[in-house]
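Novice: Build the 3D model from these lines:
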Amino acid sequence: MKRTSAATLAVLVAAGGVAMFLLQTFLVSTGGARYEPALSLPAALVVIAVLVVVLAMPVRRSVRGRSPRKVDPFYATRIVLLAKACSLSGALLGGAFAGAVVFLWTRSVTGVGSLAMALASLVGAILLLAAGLIAEHLCTVPPDDDERGRPSVETIHP
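Specialist: Numbering: from 1, shown residues only. Okay, the predicted model is just below:
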């Protein structure tokens, strides 16, 4: 499995931002209520971010030889997939909440609470993205010399 590329993350951020901005514009122009994230969303994103990094730590200790126990390869694979999912979803949500912040900022009348919740959700999404990338890095196998004498770096994969 390859590491998450910056180009993929940038495309997801842009897609999320444009989609949320257009959705908010459509909702308001048709007389509907704009989307406002719930209070629990930023907290949930932060909790998930912390958990994914904590779950990746045993893999890191085992890979670096600091733990006498071997890590189950299925566990390591699940953690890498979870980390990748967190980074991708964090990028998409980060773009969406950035679009919401831009939408709210460009309006002449908006509630301070709405902008605060959009900013808090944006911070939570950025933390989720960062935690996914950190956990993915923690599950990286150190370079080894292969048969031809060149160093190789691989991510634990199925």
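Novice: for the chain, which spans come out with low pLDDT?
Specialist: For the chain, the stretches flagged by pLDDT under 70 are 142-158.
Novice: one more time with 50, if that's ok
Specialist: Within the chain, the segments meeting pLDDT under 50 span 145, 151-152.
Novice: Going along the chain, name the strands of it.
Specialist: Counting by DSSP state E, one finds strands in the chain at the ranges 140-145, 151-155.
Novice: The longest helix seen in the chain: which residues count as buried?
Specialist: Counting by DSSP state H, the longest helix found in the chain is helix 73-105. Within helix 73-105, the residues that count as buried by 16 or more other Cβ atoms under 10 Å are 76-77, 79-80, 82-84, 86-101, 103-104. No exception for glycine: its C-beta is placed from N, CA and C like everyone else's.
Novice: likewise stretch 3-21?
Specialist: Those would be Arg3, Thr4, Leu9, Leu12, Val13, Gly16, Gly17, Met20, Phe21, for stretch 3-21 by 16+ other Cβ under 10 Å.
Novice: Export those residues to JSON lines and append columns for distance to Ser108.
Specialist: Shown next, in JSON lines, are the buried residues of stretch 3-21 (distance: Cβ to Cβ, whole Å):
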{"residue": "Arg3", "distance to Ser108": "44"}
{"residue": "Thr4", "distance to Ser108": "39"}
{"residue": "Leu9", "distance to Ser108": "33"}
{"residue": "Leu12", "distance to Ser108": "30"}
{"residue": "Val13", "distance to Ser108": "27"}
{"residue": "Gly16", "distance to Ser108": "25"}
{"residue": "Gly17", "distance to Ser108": "21"}
{"residue": "Met20", "distance to Ser108": "20"}
{"residue": "Phe21", "distance to Ser108": "17"}
